[in-house]
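In: Kindly generate the corresponding structure for this input.
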Amino acid sequence: YYRLLPAPLREGVLDPLLRRIPVLSGSAFKDRARLLRKWGRVASLAPQEQFIQSGVYLDAADLARLVPGGLPGDPAAAHREAFARAAGADWVNQMLYVDSKVFLPSLNLNYNDKMGMAASVEIRVPFLDREFAQWAAWNVPPSLKIRGGETKHILRRALADDLPAEVLRQNKASFGAPVGYWLEHELKEMTDDLLSESSLKARGWLEPGAVRRMIAEHRERRRDWGMQLWQFLTLELWARQFRAD
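Out: Residues are numbered from 1 along each chain as shown. Presented below is the predicted three-dimensional model:
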């Protein structure tokens with residue numbers, strides 16, 4: 001629906017306004033503001049590119065500042081290959097297919113399994129049973145997966161007799177940690193140590209000036225770089241533990 005608006009209105013007025021929505025740290029509207037900023041960044045893109053870019057924390061401009069020599073390949077190559085394999089499917093099923101081949105195995109299921117093993121907890125994901133997932137993919141029509149903006153439509157209807165309405169109406173909730181707050185408080189000294197200019201220069205992967213500007217903007221609450229800085233921290237910790245250099 002958004003793309004039905006004239007391109008000059010979207011790209012020249014609405015998108016820039018959305019991208020400039022303030023961070024609103026500590027506010028109940030922080031997450032909504034973050035989503036609106038993301039909307040302003042991706043909503044006018046073509047559908048496949050919109051889907052890919054909505055799942056990244058660093059766009060092409062960010063990467064150009066952080067990695068002056070450029071990346072060795074296309075970070076979204078696996079996404080594009082999966083989209084090509086599912087090209088004949090309904091758009092909803094295309095997105096679900098790409099998520100099942102890229103996002104889930106490389107991110108959510110990956111760290112979920114590792115954290116479970118680290119805590120000696122055996123974790124099961126029954127909705128991802130192979131036979132059940134294949135059956136749902138081939139036999140449940142897209143109109144029963146998302147209907148009128150309601151996600152998990154068939155699951156909500158299946159449980160309508162067993163759960164109260166207020167539970168069935170709940171939006172999907174994330175399990176995110178307060179990364180932005182940690183970076184400003186408990187992890188402030190660690191951030192300054194691991195992402196110091198000297199450390200970044202020695203590693204040689206990221207442009208020190210760009211990273212330090214991101215840290216300053218985050219602490220001054222001019223930009224929300226929490227997840228990006230968290231990625232840089234974990235990358236540096238991984239390198240110190242597993243790389244000889």
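
In: Any buried residues in the longest helix anywhere in the chain, and which?
Out: The helix of greatest length in the chain, counted in residues with DSSP state H as the criterion, is given as helix 226-242. Using 16 or more other C-beta atoms under 10 Å as the burial criterion, the residues of helix 226-242 that qualify are 226, 228, 229, 230, 232, 233, 236. (Glycine included, C-beta is placed from N, CA and C.)

In: Where does pLDDT dip in this protein?
Out: Low-confidence regions of the chain, defined by pLDDT under 70, span residues 245.

In: Which residue ranges of this structure form strands?
Out: Per DSSP state E, the chain has strands spanning 146-147, 150-151. These are given in chain order.

In: ok, residues contacting the last one?
Out: The list of residues contacting strand 150-151 from outside it, by C-beta atoms under 8 Å, 6 or more residues apart in numbering, reads 145, 156, 172.

In: Most neighbours among those residues, which one is it?
Out: residue 145 (19 neighbours; other C-beta atoms under 10 Å).

In: The residue most central in space within the chain and residue 74: what is the separation?
Out: Centre of the chain computed as the mean C-alpha position; nearest residue by C-alpha atoms, centre = their mean is residue 55, 3.9 Å away. Distance of residue 55 to residue 74, computed by C-beta to C-beta, to the nearest Å: 14 Å.

In: Equivalent analysis for residue 137, please.
Out: In this structure, residue 137 lies at 26 Å from residue 74, with C-beta to C-beta as the measure.

In: same deal with residue 193?
Out: 33 Å.

In: In contact with the closest residue to residue 143 other than its chain neighbours: list those residues for me.
Out: For residue 143, the nearest residue in space outside its immediate sequence neighbours is residue 153; the separation is 7.9 Å by C-beta to C-beta, 6 or more residues apart in numbering. Listed by C-beta under 8 Å, 6+ apart, the contact set of residue 153 reads 143, 144, 145, 146, 147.
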